[in-house]
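**Q** sequence first, then the predicted structure, then my questions.
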Amino acid sequence: MTILDIALSDNAGPRYKQVADQLATLIENGTLSANVRLPTHRALADQLGVTVGTVTRAYAEAERRGLVEARVGAGTYVCARETNHWTFDTPHSSQLECHFGYNVPPLLDRADMLNRAMQKLAGNPATLNQLMLYQLPEGIMQHREVLAHWLQQQGVNLSADRLLFSSGAQHATQMALDAYCRAGDTLLVEKYSYPGLISLARQHQLSLKPLEMDDEGIIPESLDAACRLYQPRLIYSMPTLQNPTTATMSLERRHAILDVCRKHNLYLIEDEVNGLLPEERPDPFVNLDSEQVIHIGALSKCLAPGLRVGYIQVPQRLYEQMTTTLQNHSWMTSPLLTGIATELIQSGDAVRVLSQIRSEMKVRLEITREILGDFDLRTSESCFHIWLTLPEHLRLGEFVTAATENGISLKSAELFVPPGGAVPPAVRLSVSSPANRDILRSGLLKVRELLEQEPTGGFAL
Ligand SMILES: Cc1ncc(COP(=O)(O)O)c(C=O)c1O
């Protein structure tokens, strides 16, 4: 008979739930594999010193979560695991040992909170009927008020009557480029920038000009020189947990950047999709000068990317053009989704998830530093990714190929460099992305092994 490694505590909540949670852990960490038969209700009840009813409830809860199944007349069995992938499955991803490819929040069980949020909406027919209607492009005022209030609590001063919902930060950026840029315009960017922005710029036929960076991000003098040289239309920047370098600008630097923008009458797109992740960070640009800043954010990194709820606030002068652009794109962001997001914020679940993400990232970054700490590594508190400069003897292309051959997916620096720029010998690893800490650890050990490999010494003719 299987003896399950389950320990109950008097002050850890209902016993059936403790059993179900610990079953989940045993299944998640591989101790219980697919098709293993669990002890009978009576046997587990005796082992744990609880009633048979408690075990029945625990198994029912585990079944509800899709972990186990009751087979008629045969007992309760561990289900064959449908691996939860953070991202869409590609034909190759199932063969990967470790996926460091995407900046996604660490895997959390958000089924219950989504269930509760949807039930709450479902309980109110008047609300449901409203969600089925066309709304103003900027979205339902009550939803905007809840979001704006929550963001203010997180230190971002947006106002409900100015912000607009979008389908994520990527969409908000697309709207900004659609609204304010024309083909041939110049867009200033950090010299290593977000690939999604580089792709949008290509589609809009914009010319990207790189700005020099130091440990804090954009150097103000480089911005000033580029403004004089190129007469840019806009600047795009990620002041907090920059993607890919992890840099966060100090408050002083933010003021200096805004001074240059005002001097050249240049609007700044602030991509703060990572802005809520660190517990503390300097004021976002929008707090310092909301008339100079197009602020973009989303619930993708701090709550759930699948919700596709983002937001944008633009200077007053640009507001009308932005609502028209949103209307041109999709009339409005789905009120059903903003309604769910509103429920998740109001119930306190959004804050809980954010705090779980922060704690998980703390552990993951400790594991990362423990394994790769003696290499040239940039990390930052709560940052999903790390930026790793390769040892001198390694070539970027060869390293990325070797990683792929060893089942490791990571991003080459090439993807972050605007066209024509010099590619540094670096890679981005999203340490938030592996499905659990064990996979993270084994993936990092493999990366370490590859970093330590001796150069082959051969040269191609
Ligand atoms: C810097 C940056 N901006 C925007 C996005 C897109 O966010 P969303 O999923 O909300 O569209 C990402 C996603 O990785 C990102 O890293």
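**A** Received the coordinates, thanks.
**Q** only C-alpha atoms for contact and neighbour calcs from this point on.
**A** Fine.
**Q** wait, a helix at Val427?
**A** No - membership of Val427 in a helix is not supported by DSSP: H, G, I helix; E, B strand; the rest coil, which gives strand.
**Q** beta partners of it?
**A** Beta bridges link Val427 to Leu388, Ser412 when assigned by DSSP bridges.
**Q** residue contacts, it?
**A** Neighbouring residues of Val427 by C-alpha atoms under 8 Å, 6 or more residues apart in numbering: 387-390, 410-413.
**Q** swap in Gly155?
**A** Contacts of Gly155 by C-alpha under 8 Å, 6+ apart are Asp283.
**Q** try the one 3 residues further on
**A** Leu158 sits next to 148, 151-152, 286-287, 313 when contact means C-alpha under 8 Å, 6+ apart.
**Q** report the secondary structure element holding it.
**A** For Leu158, there is no host helix or strand (DSSP states H and E).
**Q** what pLDDT is listed against it?
**A** According to the per-residue confidence, Leu158 scores 98 in pLDDT.
**Q** how near is Asn129 to Gln135?
**A** 12 Å (C-alpha to C-alpha, to the nearest Å).
**Q** confirm for me that Ala247 is in contact with Leu241.
**A** Yes - the pair Ala247 / Leu241 is scored as a contact, 5.2 Å apart, by C-alpha atoms under 8 Å.
**Q** flag every buried residue along whichever helix or strand Leu197 is part of.
**A** Assigned by DSSP H and E, Leu197 falls within helix 195-203. Neighbour counts using 16 or more other C-alpha atoms under 10 Å place 195, 197-198, 200-201 of helix 195-203 among the buried residues.
**Q** from the contacts of Val427, pick the one nearest the ligand.
**A** Lys411 (12.3 Å; C-alpha to the nearest ligand atom).
**Q** what's around the closest one, how many residues?
**A** 18 (other C-alpha atoms under 10 Å).
**Q** ok, now Ala45?
**A** Counted with other C-alpha under 10 Å, Ala45 comes out at 17.
**Q** that one and Leu38, how far apart?
**A** Ala45 is 12 Å from Leu38, by C-alpha to C-alpha.
**Q** what comes into contact with whichever strand or helix holds Ala45?
**A** In this structure, Ala45 sits in helix 41-48 according to DSSP H and E. Identification of contacts with helix 41-48 by C-alpha under 8 Å, 6+ apart yields 3-4, 6-8, 51-52, 54-56.
**Q** one more pass at 7 Å, please.
**A** 51-52, 55-56 (C-alpha atoms under 7 Å, 6 or more residues apart in numbering).
**Q** of those - the most surrounded one?
**A** Going by other C-alpha under 10 Å, Val55 tops the contacts of helix 41-48 with 24 neighbours.
**Q** could you name the helices and strands sitting against the host helix or strand of that one?
**A** Using DSSP H and E, Val55 sits in helix 52-64. When contacts are defined as 3 or more C-alpha pairs under 7 Å, 6 or more residues apart in numbering; DSSP states H and E, helix 52-64 sits against helix 15-28, helix 41-48.
**Q** which one, of these, ends up nearest to Leu258?
**A** helix 15-28 (47.7 Å; C-alpha to C-alpha).
**Q** how far is the closest one from where the chain is centred?
**A** 27 Å (C-alpha atoms, centre = their mean, to the nearest Å).
**Q** again with stretch 264-274
**A** On C-alpha atoms, centre = their mean, the centre of stretch 264-274 falls 20 Å from that of its chain.
**Q** would it count as contacting the ligand?
**A** Yes - with C-alpha under 6 Å from any ligand atom as the measure, stretch 264-274 is seen reaching the ligand through 271, 273.
**Q** the domain parsing of the chain - what is it?
**A** If you go by automatic domain parsing, the domain ranges for the chain are 15-78, 93-109+350-451, 112-348.
**Q** end-to-end on the shortest one?
**A** End-to-end distance of domain 15-78 (C-alpha to C-alpha): 20 Å.
**Q** shaky segments in the protein?
**A** Low-confidence segments of the chain (pLDDT under 70): 1, 81-96, 456-461.
**Q** around the ligand, pick out the residues from it.
**A** So the chain meets the ligand at 103, 168-171, 194, 243, 271, 273, 298, 300, 305, 310 (C-alpha under 6 Å from any ligand atom).
**Q** so of those residues, which ones are in helices?
**A** 169-171 (DSSP state H).
**Q** grab the nearest non-local neighbour of His171.
**A** Gly310 (7.9 Å; C-alpha to C-alpha, 6 or more residues apart in numbering).
**Q** check the stretch 1-150 of the chain for the residue nearest the ligand and tell me.
**A** For the stretch 1-150 of the chain, C-alpha to the nearest ligand atom, closest residue to the ligand: Asn103, 5.2 Å.
**Q** OK, contacts around that residue?
**A** 384-385, 430, 432-433.
**Q** strands - which of the contacts of Leu158 land there?
**A** Using DSSP state E to define strands, the subset of the contacts of Leu158 located there is Gln313.
**Q** out of the contacts of Leu158, which is most surrounded?
**A** Going by other C-alpha under 10 Å, Gln313 tops the contacts of Leu158 with 27 neighbours.
**Q** that residue touches His295, doesn't it?
**A** Yes - counting by C-alpha atoms under 7 Å, Gln313 touches His295, with 5.2 Å between them.
**Q** re earlier: which one's more surrounded, Asn129 and Gln135?
**A** Each of Asn129 and Gln135 has its neighbours counted (other C-alpha under 10 Å); Gln135 has more, 16 against 9.
**Q** what angle do the helix holding Ala45 and helix 15-28 make?
**A** Following axes from the mean of the first three to the mean of the last three C-alpha atoms, to 10 degrees, one obtains 100 degrees for the angle between helix 41-48 and helix 15-28.
**Q** pick the most buried one from the helices and strands packed on helix 52-64.
**A** helix 15-28 (a mean of 19; mean count of other C-alpha atoms under 10 Å).
**Q** contacts for that one?
**A** 6, 8, 32-33, 54-55, 57-59, 61-62, 67.
**Q** again, but for stretch 256-276
**A** 154, 169, 220, 224, 227, 233-238, 240-241, 285, 292-298, 301-302.
**Q** just the buried members of those?
**A** 169, 220, 224, 227, 233-238, 240-241, 285, 292-298, 301-302.
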